[in-house]
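In: following is a predicted model, sequence given first.
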There are 2 protein chains.
Amino acid sequence: MSGDKAPGEMLAGTAAARDAYGGEYLLVGREEELKKVAGERGIDLSPFELLHADSVLTMEDDPMSVVRAKSDSSMAVALRALRDGQGDALVSCGNTGALFSGATLLVRRIQGVHRAAIGTILPFEKPTLLMDAGANVTVLPEYLTQFAIMGTAYMKALYGLKSPRVALLNNGAEACKGTPLQTEAYQRLSACPGIRFCGNVEAFDLPFGACDVCVTDGFSGNICLKAYEGLGKYMMKGLKGVFKATPMTKLAYLCVKKQLRAFVSSVDSNQHGGSPILGLNKPVIKAHGSSGAAAFQSAIDQTIRLCQSGVLAGLEEAVAAVTASGGEPGGIGEA
Amino acid sequence: MSGDKAPGEMLAGTAAARDAYGGEYLLVGREEELKKVAGERGIDLSPFELLHADSVLTMEDDPMSVVRAKSDSSMAVALRALRDGQGDALVSCGNTGALFSGATLLVRRIQGVHRAAIGTILPFEKPTLLMDAGANVTVLPEYLTQFAIMGTAYMKALYGLKSPRVALLNNGAEACKGTPLQTEAYQRLSACPGIRFCGNVEAFDLPFGACDVCVTDGFSGNICLKAYEGLGKYMMKGLKGVFKATPMTKLAYLCVKKQLRAFVSSVDSNQHGGSPILGLNKPVIKAHGSSGAAAFQSAIDQTIRLCQSGVLAGLEEAVAAVTASGGEPGGIGEA
């Protein structure tokens, strides 16, 4: 209910996903509104189960409202349904902070995981998982080791990589670079079994496929991600100006339209679905707030593949193995 | 001596700067090499004073080597010459960390300034000073207030802005966003006299001229800056591929070449000279390591304008005024 184009585009994307991949779907939201919008769009709701929720959590709501003032929101109702076994995974376009907080409190973390984290695929030369992309603004070095373990499992399962290269986002290549967080994390990552740590990576090199998993605190990760998004938008705007300048440049646009569109869509993160919240007992996927039907369908596709991959069982084992080896202590399961 | 294209391009840029702006120049480096390269390029060294230095500090050298193992390097000799009054300002393409450390230790900070910082102009919709762009990886909230004061003075003096808009780099707009560093800095910036604080800014909005001075710790600032640079390079590479794809797209390139070049050069940070290290007793400008003659000339132009602007006297007054008002304590002059 809470994406920019909800619920119409979400209904259309879900219907298309069901046609393409099959599966069972529980649609959570204001039942009357879902039926009305589906009717207007000619979407047949009979294959879907509906679960009514009175309110909608907005982008302006405080993250904690998902378990407080808005515990009757579609997001809260859906998270409880997931927790109670009414579904295997959840996809939402809603408020990221609320989804993260609600998922951590209701669906809970995997035993031994210090913090769940949001992984976002950077869609440049090679898909690179940036983790954490914004959920945990302050972290401890041992969280970053777990982000590396979870990110490795995710890239193995969803992108078929045999041995994903893990790097630490930093302001230089040398081991001594960064704040005390980075220098300690560097040592821990170097000693951590089960991952392929290839050192520090700078934000300059990430678009060129310097690693497969880039671990970072959520503050720096968010700055990095938004810098890419902002400059990408700025460059696109500038290019539009270039091609619109004169009749001659407009003609030029027609000659490169096909190749230009292919390039632009290759740097569109929507092609990779949504951002998984990793470290939870069940998959929760954050689709972009501005998702249309195609992006939402792509997020559902990703969610199905995530469920089928067994990555969560892999995560629990990977965290447990590292804990058992003494290489890196697990969390105290404080959630 | 220590840029990628030193000393040839530095000599050419300096000769061009002297022709264009006048001024007196002290060239510091291996005298024989300077004379030989100048001869090869047909550059007349007679208007310049030469100061010999035995060694060159490289990008691989430890920053502290400027005052230790390589105290005979051109950078160290030049910094001491600046300190001792043989010059009014210094321009270098050398190792950023070494230049910053050496300048802080030899040229020293302005009375009351906690930390000097590197300001870098982001060259997008409007010139925006990002400060600190990488020198101080860990900072205290009160450093950020001083960065704001110094950045405001710089943008007033060099870009003629009457009341530069200062923002804090953060992961969201709300005052509660970020780590404890950002939340405390937000409060201090809001209460700080002499600056026009307009709240938090996200890395997504910086290319669109959301503020004139963006203050941040050097770690996040560096991540942000390098993300812009890296994505810019990636987009340019992708565009090259688009235009080189077929004979038709090659033709299209010819039709947009002029407009495209204008756009590309508008996002080239070299047009704004180098990055000033602000907070020192004398101007020290870090030109890009890859600078050619034109970029080095531009950095000299900026340095001359910086000297003529009286911005340093302005900085000292501004820091002192805020200290006196009790709005924000100055440093203890520990340098």
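Out: It's in. Residues are numbered from 1 along each chain as shown, chains lettered A, B, ... in the order given.

In: measure stretch A:59-71 end to end?
Out: 15 Å (CA to CA, to the nearest Å).

In: what residues sit buried inside that stretch?
Out: A:61-63, A:65-67, A:70-71 (16 or more other CB atoms under 10 Å in any protein chain shown). Backbone N, C-alpha and C define where each C-beta goes, glycine included.

In: can you redo these as JSON lines with pLDDT and distance to residue B:172?
Out: As requested, the buried residues of stretch A:59-71 are exported to JSON lines (pLDDT from 0 to 100; distance: CB to CB, whole Å):
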{"residue": "A:61", "pLDDT": "88", "distance to residue B:172": "14"}
{"residue": "A:62", "pLDDT": "88", "distance to residue B:172": "12"}
{"residue": "A:63", "pLDDT": "88", "distance to residue B:172": "11"}
{"residue": "A:65", "pLDDT": "88", "distance to residue B:172": "16"}
{"residue": "A:66", "pLDDT": "88", "distance to residue B:172": "17"}
{"residue": "A:67", "pLDDT": "86", "distance to residue B:172": "20"}
{"residue": "A:70", "pLDDT": "90", "distance to residue B:172": "19"}
{"residue": "A:71", "pLDDT": "91", "distance to residue B:172": "24"}
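
In: and those residues, which is closest to residue A:243?
Out: residue A:61 (40.3 Å; CB to CB).

In: name the SS class of that closest one, please.
Out: coil (DSSP: H, G, I helix; E, B strand; the rest coil).

In: quick revisit: make JSON lines from the buried residues of stretch A:59-71 and add distance to residue A:226 to it.
Out: Shown next, in JSON lines, are the buried residues of stretch A:59-71 (distance: CB to CB, whole Å):
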{"residue": "A:61", "distance to residue A:226": "21"}
{"residue": "A:62", "distance to residue A:226": "21"}
{"residue": "A:63", "distance to residue A:226": "18"}
{"residue": "A:65", "distance to residue A:226": "24"}
{"residue": "A:66", "distance to residue A:226": "23"}
{"residue": "A:67", "distance to residue A:226": "27"}
{"residue": "A:70", "distance to residue A:226": "26"}
{"residue": "A:71", "distance to residue A:226": "30"}
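
In: list the buried ones in the helix or strand where residue A:308 lies?
Out: Element membership of residue A:308 [criterion: DSSP states H and E] is helix A:293-309. By neighbour count on 16+ other CB under 10 Å, the buried set for helix A:293-309 is A:293, A:295-304, A:306, A:309.

In: do the same with stretch A:86-98
Out: For stretch A:86-98, by 16+ other CB under 10 Å, it's A:87, A:89-98.

In: separation between residue A:231 and chain B?
Out: Per CB to the nearest CB, to the nearest Å, residue A:231 is found 5 Å from chain B.

In: next: residue A:106.
Out: Distance from residue A:106 to chain B, by CB to the nearest CB: 23 Å.

In: and the helices in chain A, which stretches?
Out: A:8-21, A:31-41, A:74-83, A:96-102, A:141-159, A:180-191, A:218-244, A:247-266, A:293-309, A:311-325 (DSSP state H).

In: where does chain A dip in pLDDT?
Out: For chain A, applying pLDDT under 70 flags the ranges A:323-335.

In: quick check, central residue of it?
Out: Chain A has residue A:275 as the residue nearest its centroid, 1.0 Å off, counting by CA atoms, centre = their mean.

In: I'd assumed residue A:122 was in contact with it.
Out: No - with contact defined as CB atoms under 8 Å, residue A:275 does not count as touching residue A:122 (11.0 Å).

In: got the buried residues for stretch A:43-55?
Out: Neighbour count says stretch A:43-55 has A:43, A:45, A:48, A:50-51, A:53, A:55 buried, by 16+ other CB under 10 Å.

In: quick revisit: show me which of the buried residues of stretch A:59-71 is closest to chain B.
Out: residue A:62 (9.4 Å; CB to the nearest CB).

In: what sits against the closest one?
Out: residue A:98 (CB atoms under 8 Å, 6 or more residues apart in numbering or on different chains).

In: next, it: phi, psi?
Out: phi -60, psi 140 (degrees, to the nearest 10).

In: which parts of the stretch 1-150 of chain A sit against chain B?
Out: A:124-125, A:134, A:137-138 (CB under 8 Å from any CB of the partner chain).

In: show me which pair in the residues you listed is furthest apart.
Out: A:125 and A:138 (30.7 Å).

In: higher neighbour count, the two?
Out: Shown here are residue A:125 and residue A:138; by other CB atoms under 10 Å in any protein chain shown, residue A:125 has more neighbours (16 against 13).

In: show me the contacts for that one.
Out: A:207-209, B:234.

In: neighbour-wise, give me the winner out of these.
Out: residue A:207 (25 neighbours).

In: tell me the contacts of that residue?
Out: A:122, A:124-125, A:228, B:230-231, B:233-234.

In: dump those residues to TSV, plus distance to residue A:19.
Out: Formatted as TSV, the contacts of residue A:207 follow (distance: CB to CB, whole Å):
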residue	distance to residue A:19
A:122	30
A:124	31
A:125	33
A:228	33
B:230	39
B:231	36
B:233	41
B:234	36
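
In: closest one of the buried residues of stretch A:86-98 to chain B?
Out: With CB to the nearest CB as the yardstick, the closest approach to chain B among the buried residues of stretch A:86-98 comes from residue A:97, at 8.8 Å.

In: surely that closest one and residue A:60 touch.
Out: No - counting by CB under 8 Å, residue A:97 stays clear of residue A:60, with 11.1 Å between them.

In: ok so, going back, which of the contacts of residue A:207 are buried, as a ChimeraX select command?
Out: Of the contacts of residue A:207, the buried ones can be selected in ChimeraX as follows, counting by 16+ other CB under 10 Å:
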select /A:122,124,125,228 /B:230,231,234
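
In: among the contacts of residue A:207, which two are most distant?
Out: A:122 and B:233 (14.5 Å).

In: coming back round to it: give the other helices and strands that the helix holding residue A:308 contacts.
Out: Secondary-structure packing of helix A:293-309 (3 or more CB pairs under 8 Å, 6 or more residues apart in numbering or on different chains; DSSP states H and E): helix A:8-21, strand A:90-92, helix A:141-159, strand A:284-286.

In: and the angle from that helix to helix A:31-41?
Out: 120 degrees (axes from the mean of the first three to the mean of the last three CA atoms, to 10 degrees).

In: ok, residue A:205 - contacts?
Out: residue B:230.

In: nearest to residue A:181, of the buried residues of helix A:293-309?
Out: Of those, the one sitting nearest to residue A:181 (CB to CB) turns out to be residue A:306, at 29.1 Å.

In: measure the nearest residue to that closest one once chain neighbours are set aside to chain B for me?
Out: Residue nearest to residue A:306 in three dimensions, not counting chain neighbours: residue A:283, with 4.8 Å by CB to CB, 6 or more residues apart in numbering or on different chains. As judged by CB to the nearest CB, residue A:283 and chain B stand 24 Å apart.

In: distance check, residue A:283 against residue A:23.
Out: According to CB to CB, to the nearest Å, residue A:283 stands 13 Å off from residue A:23.

In: quick one, which of those two is more surrounded?
Out: residue A:283 (25 against 15).

In: pretty sure the more buried one is touching residue A:315, no?
Out: No - with contacts counted by CB under 8 Å, residue A:283 stays clear of residue A:315, the gap being 10.5 Å.

In: follow-up on the earlier one: quick one, what contacts the residue nearest to residue A:306?
Out: Residue A:283 neighbours (CB under 8 Å, 6+ apart): A:88-90, A:276, A:303, A:306-307, A:312.

In: just the CA coordinates for stretch A:234-241, please, in CSV.
Out: As requested, the backbone C-alpha atoms of stretch A:234-241 are provided in CSV (Å, rounded to 0.1, in the frame of the first residue of the first chain):
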residue,chain,number,x,y,z
TYR,A,234,22.7,14.8,-13.0
MET,A,235,24.5,13.2,-15.9
MET,A,236,21.3,12.1,-17.5
LYS,A,237,19.9,15.5,-17.1
GLY,A,238,23.0,17.0,-18.7
LEU,A,239,22.8,14.6,-21.6
LYS,A,240,19.2,15.5,-22.2
GLY,A,241,20.3,19.1,-22.5
